[in-house]
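Visitor: okay, predicted coordinates and the sequence, questions at the end:
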Amino acid sequence: MNKKRLKQHSPQQQAHYEREARLAYGPGVVNESIARWGSYSQARQDEIIAEGEAVYSELAEAMAQGHEAGHSEVTALLDRWQAHLRHFYEPSLDMLRGLGQLYNSHPEFIANFQQLHVDLPAWLERVIAEYVDELETAELERMLAEDEQRAQRLSQ
């Protein structure tokens, strides 16, 4: 496995990211994230950081092995990535897609992910977009099935 580590944000960088997130997603999501993070002990925060680093390192390894979106390992890792984000906030599908785009458009994210692999930012954007497409399709199919069941009950 890749032994390189992602760079941790300074308090100033974190404050800058919080301002950007407030503008993009509104203060509610950011305040929720700050409250969640602050509720964890230092030991738990360290575990969460290590967990996130492991997910991104394993994603870089999956990419290096030639795996693409839809591959069972990539899907499982993206499921873990989404679960990891829940330590901070409940990510909507739009937020997941936006993060994938941010990973390949924001210079600091690009530089950080390129520490793991030079191609990781573009790969993450691509596989996250396809992952979200699959989640959206599954949600639409679930909603259509519910509508069909409701229509059947009403016609009886």
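Guide: Happy to help now that I have it.

Visitor: going forward, measure contacts between C-alpha atoms and count neighbours the same way
Guide: Noted.

Visitor: report the contact partners of Gln156.
Guide: Gln156 is in contact with no residue at all, counting by Cα atoms under 8 Å, 6 or more residues apart in numbering.

Visitor: what helix or strand is Asn31 located in?
Guide: Here Asn31, judged by DSSP states H and E, is contained in helix 27-39.

Visitor: what's the next secondary structure element after that helix?
Guide: From helix 27-39, the next helix or strand downstream (DSSP H and E) is helix 42-64.

Visitor: so which elements touch the following helix or strand past that following helix?
Guide: Beyond helix 42-64 on the C-terminal side, the first helix or strand identified by DSSP H and E is helix 72-85. Contact partners of helix 72-85 among helices and strands, from 3 or more Cα pairs under 8 Å, 6 or more residues apart in numbering; DSSP states H and E: helix 42-64, helix 120-155.

Visitor: in helix 72-85, what counts as buried?
Guide: 74-75, 77-78, 80-82, 84-85 (16 or more other Cα atoms under 10 Å).

Visitor: would you tell me what the next helix or strand after that helix is?
Guide: Where DSSP H and E defines the elements, the next helix or strand beyond helix 72-85 is helix 93-103.

Visitor: report the mean confidence score over that following helix.
Guide: When pLDDT is averaged over helix 93-103, the result is 95.

Visitor: helices and strands around the helix holding Asn31, which ones?
Guide: Applying 3+ Cα pairs under 8 Å, 6+ apart, one finds that helix 27-39 contacts helix 11-25.
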